[in-house]
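>>> curious how this folds, go ahead:
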Amino acid sequence: MLPYIPQASKDSWFSSIDLRQRDLPELDLSPLGPVDAQQSPSAANEQSSEKFAAEQRLVEKAAPPLIWQRPSEHDSDHLADPFHGVIILEDHAERLEVAGAGARRGLILHKLMEELLTGELNEELDAGISRASQLLDELTSGTNVDGPLPDPGEMASAALRALALPPIAEMRPYLVPEIAIWAADEDGLISGRTDAVAVVEGRIDAAIDWKSDVNPGPAVRNAHTQQLLDYLSATGATRGAIVYLSSGEIVWVHQGNGPIS
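Next up, the predicted model:
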């Protein structure tokens, strides 16, 4: 049943269509007789505080709260043990000072890595620069840019340099980018998206996390490590790598205490 609302705004969707409610005949209720309501006898209230508490426990047990862990959303005040599970640290390039590093640069670098792995982007510097410039234009179009912008040439070079790192080049045939993950463990539910995973013989062998940070401090590195550990827990992978795209540094992380094979 759709009511007639005379005070509805003339610009509303309701007023844009004539439903002709006023042409409908009024519902005649006269043939309907009075309802013979039979009241059932009232039962005695046998509820007690102990019984109420017991029923409350049953309800709470039947509906446990869902606790979601989203590895990409970090709280800097709640960080786990720094470098827990980190076993190998590799430097493949000197540290760089990058002008204009920030959120835009991180978004573009991740997009370049995704398109390089899917084959949408040719592994040529000129193609990378052109694509980085296009993405930068899309991110800054119609906005007031405050401060320096990231350099498309530097971003394209960083992405290609990361793919050429020996451990990444070795895994390259098995890498699949941007995989959504979800899982459940004793701490709750996990949901997120890995930057890339290495799928070998139908199972996830490793998880890769690209990071655009130029000079990350201990707290930031700690958060990155915990994030990757959550991905390993969700995917069942035994190892993972945090790849710092600016410096070419790779930090290997694993779930257990044994060495990586």
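
>>> look up how far Pro148 lies from Val243.
Per Cβ to Cβ, to the nearest Å, Val243 is found 24 Å from Pro148. From N, CA and C alone the C-beta is placed, and that goes for glycine too.

>>> mind checking which of those two has more residues around it?
Comparing Val243 with Pro148 by other Cβ atoms under 10 Å, the one with more neighbours is Val243, at 23 against 11.

>>> and the helix or strand hosting that one, what other elements does it pack with?
Val243 is part of strand 239-244 when elements are defined by DSSP states H and E. Helices and strands touching strand 239-244, by 3 or more Cβ pairs under 8 Å, 6 or more residues apart in numbering; DSSP states H and E, are helix 166-171, strand 203-211, helix 218-235, strand 249-254.

>>> neighbouring strands - and their directions - for it?
Its sheet considered, strand 239-244 pairs with strand 203-211 (parallel), strand 249-254 (antiparallel) by DSSP bridges.

>>> with mean pLDDT and distance to Glu178 added, can I get those strands in TSV?
Shown next, in TSV, are the strands paired with strand 239-244 (pLDDT from 0 to 100; distance: least, Cβ to Cβ, whole Å):
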stretch	mean pLDDT	distance to Glu178
strand 203-211	93	11
strand 249-254	92	20
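
>>> how about those strands in CSV, adding mean neighbour count?
Formatted as CSV, the strands paired with strand 239-244 follow (neighbours: other Cβ atoms under 10 Å):
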stretch, mean neighbour count
strand 203-211, 22
strand 249-254, 21
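
>>> in CSV: these, plus distance to Asp18.
As requested, the strands paired with strand 239-244 are exported to CSV (distance: least, Cβ to Cβ, whole Å):
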stretch, distance to Asp18
strand 203-211, 57
strand 249-254, 65
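
>>> understood, closing this out.
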